[in-house]
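Visitor: Fold the following, please.
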Amino acid sequence: MIALVEQFLDHISFECGLSPKTREAYGNDLSDFSRFAQTAGIHTPREVTRKLLLGYLEHERDRGLAMNSIARRLVAIKVFFRYLVQEGLIEKDVTAVMESPRLWKVLPTTLSIKEVDALLQAVIGDDLMAVRDRAMMELLYASGLRVSELTNLTLEDLHLESGYLRCLGKGNKMRVTPVGGAARMAIERYFKEVRPKFAKNQAVRQVFLTRRGTGFSRKTIWRQIKLFAKRAGITKTVSPHTLRHSFATHLLANGAPLRMIQEMLGHADIATTQVYTHVDQNRLKSVHQQFHPRA
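Guide: So this is what the prediction gives:
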């Protein structure tokens with residue numbers, strides 16, 4: 001294996017004209033794979049199986065290598081095996097049908113319903129800022145908003161009496177999202193007790209304002225949520241997007257159709273929303289047990 005790797009590196013250097021840095025990168029990746037193969041008792045490319053390759057990629061992921069780095073290593077292995085086939089050194093390229101690890105779904109962090117409750121209850125007190133922060137947190141979870149959508153939300157976007165809001169999402173696409181009862185009550189209290197005192201400039205139309213009467217930055221809201229998560233004793237990494245993921249996962253767990261969740265999240269492609277079917281494994285198990293004839 002090592003000798004063929006050196007032959008391949010000479011090929012890409014002298015015949016393909018690739019740079020010394022590219023040769024070094026390919027060499028490091030292929031040397032790492034060769035060492036892994038040898039520990040598994042594999043010493044020639046002919047002995048390499050798809051199972052071994054998958055085991056190698058999973059090994060790299062388990063030891064914390066980034067997906068982009070794993071994808072780069074697979075590219076190096078695929079180019080190496082393609083070269084071996086072209087040179088007649090092996091008959092079959094076992095890497096030909098392997099997809100890039102960049103396509104592997106990285107499951108988002110979500111909170112349980114109990115953890116969401118703890119997070120919302122961590123906004124302690126009845127002072128002006130606590131009332132405002134509780135309204136923001138309730139709305140993030142109730143409507144699955146991105147943090148940028150929350151900071152850009154205007155008074156004209158809210159239709160509390162009808163129980164919905166409009167927001168401008170990615171690609172300047174407008175969508176309508178329901179606002180639940182708990183969030184509606186929290187926002188109504190904020191409008192009554194807090195916003196009039198913070199709104200120093202009537203021209204500012206953002207729903208949520210700082211004490212200075214300006215709109216929020218995304219970073220400030222991110223810091224606030226980190227603080228509340230720590231106060232609630234949640235050890236997971238929590239961000240505004242965690243509440244968005246939890247919104248979608250809890251809807252799915254309670255039987256909401258995936259297409260409806262797609263519309264509420266503002267996903268252009270249903271494939272983006274389908275990641276939540278992997279998150280909610282308990283629901284998949286229950287559906288399987290209910291409908292599969294041999295469950």
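Visitor: got the contact list for the closest residue in space to His267 that isn't next to it in sequence?
Guide: Spatially, and ignoring its direct neighbours in sequence, His267 is nearest to Thr273 (4.9 Å; CB to CB, 6 or more residues apart in numbering). Backbone N, C-alpha and C define where each C-beta goes, glycine included. Shown in contact with Thr273 (CB atoms under 8 Å, 6 or more residues apart in numbering): Ala248, Leu258, Ile261, Gln262, Leu265, His267.
Visitor: before we move on, what about Ala142?
Guide: With CB under 8 Å, 6+ apart, Ala142 has these contacts: Pro178, Val179, Gly180, Ala182, Ala183, Phe247.
Visitor: can you do 6 Å?
Guide: Residues in contact with Ala142 (CB atoms under 6 Å, 6 or more residues apart in numbering) are Val179, Gly180, Ala183.
Visitor: Kindly indicate the member of the residues you listed with the most neighbours.
Guide: Counting neighbours by other CB atoms under 10 Å, Ala183 leads the contacts of Ala142 with 23 neighbours.
Visitor: before we move on, back to that, just the contacts of Thr273: which are in strands?
Guide: For the contacts of Thr273, membership in strands holds for none, with DSSP state E as the criterion.
Visitor: Turn these into a markdown table, columns for pLDDT, distance to Ala118 and neighbour count.
Guide: A markdown table is the format used below for these (pLDDT from 0 to 100; distance: CB to CB, whole Å; neighbours: other CB atoms under 10 Å):
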| residue | pLDDT | distance to Ala118 | neighbour count |
| --- | --- | --- | --- |
| Ala248 | 92 | 19 | 24 |
| Leu258 | 88 | 28 | 15 |
| Ile261 | 90 | 24 | 20 |
| Gln262 | 91 | 28 | 19 |
| Leu265 | 92 | 24 | 22 |
| His267 | 88 | 28 | 18 |
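Visitor: any chance of the residues you listed in JSON lines, plus distance to Val94?
Guide: Putting these into JSON lines (distance: CB to CB, whole Å) gives the following:
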{"residue": "Ala248", "distance to Val94": "37"}
{"residue": "Leu258", "distance to Val94": "35"}
{"residue": "Ile261", "distance to Val94": "38"}
{"residue": "Gln262", "distance to Val94": "37"}
{"residue": "Leu265", "distance to Val94": "38"}
{"residue": "His267", "distance to Val94": "35"}
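Visitor: Which of the residues you listed sits closest to Glu138?
Guide: Comparing those against Glu138 with CB to CB places Ala248 closest, at 16.6 Å.
Visitor: isn't that closest one right next to Val275, touching?
Guide: No. Counting by CB atoms under 6 Å, Ala248 stays clear of Val275, with 8.8 Å between them.
Visitor: At the geometric centre of the protein, which residue sits there?
Guide: Closest to where the C-alpha atoms of the chain average out (CA atoms, centre = their mean) is Pro108, at 4.4 Å.
Visitor: doesn't that one fall inside a strand?
Guide: No. Counting by DSSP: H, G, I helix; E, B strand; the rest coil, Pro108 is located in no strand; its state is coil.
Visitor: List the contacts of it.
Guide: Applying CB under 6 Å, 6+ apart, we find Pro108 in contact with His245.
Visitor: ok, so what distance separates it from His245?
Guide: In this view, Pro108 and His245 are 4 Å apart by CB to CB, to the nearest Å.
Visitor: cool, Phe33 as well?
Guide: As judged by CB to CB, Phe33 and His245 stand 34 Å apart.
Visitor: if we can go back for a sec, make JSON lines out of the contacts of Ala142 and add distance to Leu53, pLDDT and secondary structure.
Guide: What follows is the contacts of Ala142, written out as JSON lines (distance: CB to CB, whole Å; pLDDT from 0 to 100; DSSP: H, G, I helix; E, B strand; the rest coil):
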{"residue": "Val179", "distance to Leu53": "49", "pLDDT": "93", "secondary structure": "coil"}
{"residue": "Gly180", "distance to Leu53": "47", "pLDDT": "89", "secondary structure": "coil"}
{"residue": "Ala183", "distance to Leu53": "48", "pLDDT": "95", "secondary structure": "helix"}
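Visitor: could these be laid out in TSV, adding distance to Phe8?
Guide: Output for these, formatted as TSV (distance: CB to CB, whole Å):
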residue	distance to Phe8
Val179	59
Gly180	59
Ala183	59
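Visitor: Relative to Ser13, which of the contacts of Thr273 is nearest.
Guide: Distances from Ser13 to those, taken by CB to CB, are shortest for His267, at 44.7 Å.
Visitor: quick one: that closest one from Leu153, how far?
Guide: Computed as CB to CB, the His267 to Leu153 distance reads 19 Å.
Visitor: Would you agree His245 is in contact with Thr110?
Guide: Yes. The pair His245 / Thr110 is scored as a contact, 4.7 Å apart, by CB under 6 Å.
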